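Engineer: Below are the sequence and a predicted model for it; my questions follow.
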Amino acid sequence: MKIVVQVKLIPDAAQASALERTLYTVNKCATQVSAASFTAYGLKGSVKDLRSMAYGDLKARGLGAQATQHVIKRVADAYTTLRANIRAGNLGGEGSPRRRKATSKPVVFRPDAAHTYDDRCLSWNYDAQTVSIWTVDGRVKNVRFACSAAALKQLTEYRKGESDLAFRDGKWFLAATCEVPEAERYQPKDWLGVDRGITNLATTSDGDNHSGRRLDRYRRWQARKKAEIQARRTRSAAQLLKKRARRESRHATHINHTISKTVVAVAQRTERGIALEQLQGIRERVTVRRDQRARQSSWPFHQLGAFIAYKARRAGVPVIEVDPAYTSQRCPRCGHTAKANRPSRDAFCCRRCGLAGPADVVAGVNVRDRARSAWVFVNMPPPVPA
């Protein structure tokens with residue numbers, strides 16, 4: 001499986017200047033190629049078309065052969081992504097304002113957008129923790145990088161493919177692709193049900209709870225600060241808002257990584273699989289109060305599920321998704337399902353048999369039970385033909 005390992009570059013002043021000029025130049029060239037492609041081919045320019053149209057001009061501007069190829073491929077990939085979004089309806093229907101805006105002008109690349117490097121343009125020295133990288137000023141050698149010991153081990157053993165040079169908040173980063181082998185998936189002895197929510201981010205059928213109260217306070221504080229900054233209505237305020245949004249996103253990602261790592265470790269240690277609720281389209285299916293809409297729509301539930309899934313694949317832990325309907329209203333002992341079984345957000349009390357407990361734990365148990373039934377059905381031998 002492919003994962004991305006990010007390292008922080010520590011260039012000196014001259015190296016940083018060369019990297020900055022390189023990023024500005026390649027993105028300016030990409031924007032110009034995009035404009036020419038839009039004029040000549042609309043949204044349908046292929047790599048072959050763009051190569052015949054722009055290769056010579058990019059070489060004349062001082063780009064190397066591989067850098068030229070990467071610029072052309074980035075432009076073609078941008079239009080491929082745009083066409084895919086149109087087909088999927090992500091930009092609205094035919095004639096919608098958002099779709100008209102996206103299709104009426106060429107794709108533009110930011111001056112600091114990430115640029116792709118392959119092994120011809122970028123070489124790694126893991127022992128010295130340096131890289132040698134192509135720039136418009138020539139090859140820049142001995143650019144130091146920093147990362148954790150675990151990340152360095154992954155780079156040394158599994159790095160394969162392209163890397164992206166990125167500039168964010170005044171810092172340089174390299175995101176390298178690693179091809180990590182998957183562990184052999186074992187036959188689970190049982191299942192660990194995981195219920196995802198807002199007040200409790202993840203609650204397992206074992207009763208382990210990852211509370212979201214502290215995170216909720218942090219996000220409310222961020223919302224107040226963003227409101228204060230928005231009231232200024234200045235350019236610097238807009239830049240500060242973007243910086244805060246990225247910080248909040250990194251904070252959420254860190255929490256999701258921590259939760260998913262813990263859940264996978266518990267399942268692996270006990271030789272169980274992980275059962276998750278299938279939450280695709282949950283925002284369209286569920287109606288919430290007005291004051292709850294921002295909280296529900298802003299927390300990355302899908303990211304938490306994706307982190308659990310890929311960490312489980314690396315550890316060989318089976319993962320299954322089950323129907324989430326009424327998991328918090330169904331009694332796992334007698335099967336009685338009713339809205340009255342959940343008198344409050346945190347409590348569950350079956351109106352038929354009297355089973356009581358935390359609502360999120362009951363939901364996790366129901367998810368586990370559905371995984372047991374689904375796994376038996378999936379592994380059922382095919383019927384013998386008559």
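Structural biologist: Structure's in. What do you need? Numbering: from 1, shown residues only.
Engineer: show me the residues around the residue nearest in space to the middle of the chain that make contact.
Structural biologist: Among the residues of the chain, Gln303 comes closest to the average C-alpha position under C-alpha atoms, centre = their mean, at 5.9 Å. Neighbouring residues of Gln303 by C-beta atoms under 8 Å, 6 or more residues apart in numbering: 252-253, 256. The C-beta positions use only the backbone N, C-alpha and C, and glycine is treated the same way.
Engineer: Can you give me the domain assignment for this structure?
Structural biologist: Split into domains by automatic domain parsing, the chain comes to 1-181, 191-378.
Engineer: measure the shortest one end to end?
Structural biologist: The reference is to domain 1-181. 6 Å (C-alpha to C-alpha, to the nearest Å).
Engineer: Could you do stretch 126-135 as well?
Structural biologist: End to end - C-alpha to C-alpha - stretch 126-135 spans 21 Å.
Engineer: Now it: average pLDDT?
Structural biologist: Averaging pLDDT along stretch 126-135 gives 95.
Engineer: got the residue ranges for the strands in the stretch 251-386 of the chain?
Structural biologist: 273-277, 319-322, 347-349, 356-358 (DSSP state E, counting those that start in this stretch).
Engineer: Pull up the pairing partners for the last one, direction included.
Structural biologist: The one in question is strand 356-358. strand 347-349 (antiparallel) (DSSP bridges).
Engineer: How about the second one?
Structural biologist: Strand 319-322 has its sheet partners listed here by DSSP bridges as strand 273-277 (parallel).
Engineer: For the strand it pairs with, give the mean pLDDT please.
Structural biologist: Per-residue scores along strand 273-277 average to 94.
Engineer: In CSV, please show the C-alpha coordinates belonging to that strand.
Structural biologist: Extracted as CSV, the C-alpha positions of strand 273-277 are listed here (Å, rounded to 0.1, in the frame of the first residue of the first chain):
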residue,chain,number,x,y,z
GLY,A,273,-11.4,-7.2,13.6
ILE,A,274,-12.8,-3.6,13.5
ALA,A,275,-16.4,-2.9,12.7
LEU,A,276,-17.4,0.6,11.6
GLU,A,277,-20.6,2.3,10.8
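Engineer: Go ahead and name everything in contact with it.
Structural biologist: Here strand 273-277 makes contact (C-beta under 8 Å, 6+ apart) with 188, 190-196, 263-264, 267, 305, 308-309, 312, 317-324, 327, 367-368, 370-371, 375.
Engineer: rerun that using 6 Å as the cut-off
Structural biologist: Outside strand 273-277, the residues that touch it by C-beta atoms under 6 Å, 6 or more residues apart in numbering are 188, 191-194, 267, 305, 312, 317-322, 324, 367-368, 371.
Engineer: again with stretch 118-136
Structural biologist: So stretch 118-136 is contacted by 18, 21-22, 25, 62, 64, 66, 140-145, 156, 162-163 (C-beta under 6 Å, 6+ apart).
Engineer: So which of these sit within strands?
Structural biologist: Judged by DSSP state E, these include 140-145, 162-163 as members of strands.
Engineer: just the helices in the stretch 101-250 of the chain please.
Structural biologist: For the stretch 101-250 of the chain, the helices defined by DSSP state H, counting those that start in this stretch occupy 149-158, 213-230, 235-269.
Engineer: again but with the stretch 251-386 of the chain, I slipped
Structural biologist: 282-285, 290-298, 301-315, 359-378.
Engineer: quick one: which of the contacts of Gln303 is nearest to Leu50?
Structural biologist: Thr253 (34.4 Å; C-beta to C-beta).
Engineer: what's the burial count for the closest one?
Structural biologist: Thr253 has 14 neighbouring residues, counting by other C-beta atoms under 10 Å.
Engineer: and the least confident of the contacts of stretch 118-136?
Structural biologist: For those, the least confident entry is Gly62, with 84.
Engineer: Nearest residue to Cys334 in space, please, no chain neighbours.
Structural biologist: Among residues not flanking Cys334 along the chain, Cys353 sits closest, at 4.3 Å (C-beta to C-beta, 6 or more residues apart in numbering).
Engineer: What separation do you get for that neighbour and Ala363?
Structural biologist: Distance from Cys353 to Ala363, counting by C-beta to C-beta, to the nearest Å: 17 Å.
Engineer: Which one's more surrounded, those two?
Structural biologist: Taking neighbours as other C-beta under 10 Å, Cys353 and Ala363 compare with Ala363 leading, 28 against 12.
Engineer: so that one touches Gly193, yeah?
Structural biologist: No: with contact defined as C-beta atoms under 6 Å, Ala363 does not reach Gly193; the gap is 7.8 Å.
Engineer: Name the helix or strand of the chain that has the lowest mean pLDDT.
Structural biologist: Least confident element among the helices and strands of the chain, by mean pLDDT, DSSP states H and E: helix 282-285 (a mean of 53).
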